[in-house]
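1. Could you work out the structure for the sequence below:
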Amino acid sequence: MSVAPVAQLEITPRQAVQLLEADLGLSAKDLTGALNIDRKTLERWVKGETYPQREARKRLIALLSLRDHLAESFSDLEGAREWLNAPARYLGGITPAEALRTGRMDRVEAALEVLESGIFV
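-> Have a look, this model is predicted:
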């Protein structure tokens, strides 16, 4: 699959949000949970009124890195979106998207690594 990786925050917050919504099908609720920000903050980023500060910027970069990891792991982004929305035994039966909403990006990365290693739990 030819999805250009986004290593650092080389794009605007608006572009990052649009990319995550389009490529991974993440909703505003998913993004605010994963980024640990409120909806108004997300709206201000999209409008270009504010810029992510230190911790939120780190989380946004981490979420973009997860997007890159998913793009490398699946043959297409549709497969990545399906995986994000399917219950995962490794995550106790919740979906990776639900884990993201609760701010557990680390658990989603771990579940993806388990999947890549060929261990089906």
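
2. Look up how far D30 lies from the residue most central in space within the chain.
-> For the chain, the residue lying nearest the average C-alpha position, counting by Cα atoms, centre = their mean, turns out to be L63 (4.2 Å). Using Cβ to Cβ, to the nearest Å, L63 is found at 10 Å from D30. The C-beta positions use only the backbone N, C-alpha and C, and glycine is treated the same way.

3. What of P52?
-> For P52, the distance to D30 - Cβ to Cβ - is 16 Å.

4. Repeat that for L24.
-> Applying Cβ to Cβ to L24 and D30 gives a distance of 8 Å.

5. now swap in L100 and tell me
-> Where D30 is concerned, L100 sits at a distance of 6 Å (Cβ to Cβ).

6. quick one, which of those two is more surrounded?
-> L100 (23 against 19; other Cβ atoms under 10 Å).

7. Excluding chain neighbours, give the residue nearest to that one in space.
-> Excluding its sequence neighbours, the residue lying closest to L100 (Cβ to Cβ, 6 or more residues apart in numbering) is A34, at 4.3 Å.

8. Just the CA trace of whichever strand or helix holds the one you found, in PDB.
-> Taking DSSP states H and E as the criterion, A34 maps to helix 28-35. C-alpha atoms of helix 28-35 as PDB (Å, rounded to 0.1, in the frame of the first residue of the first chain):
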ATOM      1  CA  ALA A  28     -14.100  13.400  16.900                       C
ATOM      2  CA  LYS A  29     -15.000  11.300  20.000                       C
ATOM      3  CA  ASP A  30     -12.200   8.800  19.200                       C
ATOM      4  CA  LEU A  31      -9.700  11.600  18.700                       C
ATOM      5  CA  THR A  32     -10.600  13.600  21.800                       C
ATOM      6  CA  GLY A  33     -10.200  10.500  23.900                       C
ATOM      7  CA  ALA A  34      -7.000   9.300  22.300                       C
ATOM      8  CA  LEU A  35      -5.500  12.800  22.600                       C
END
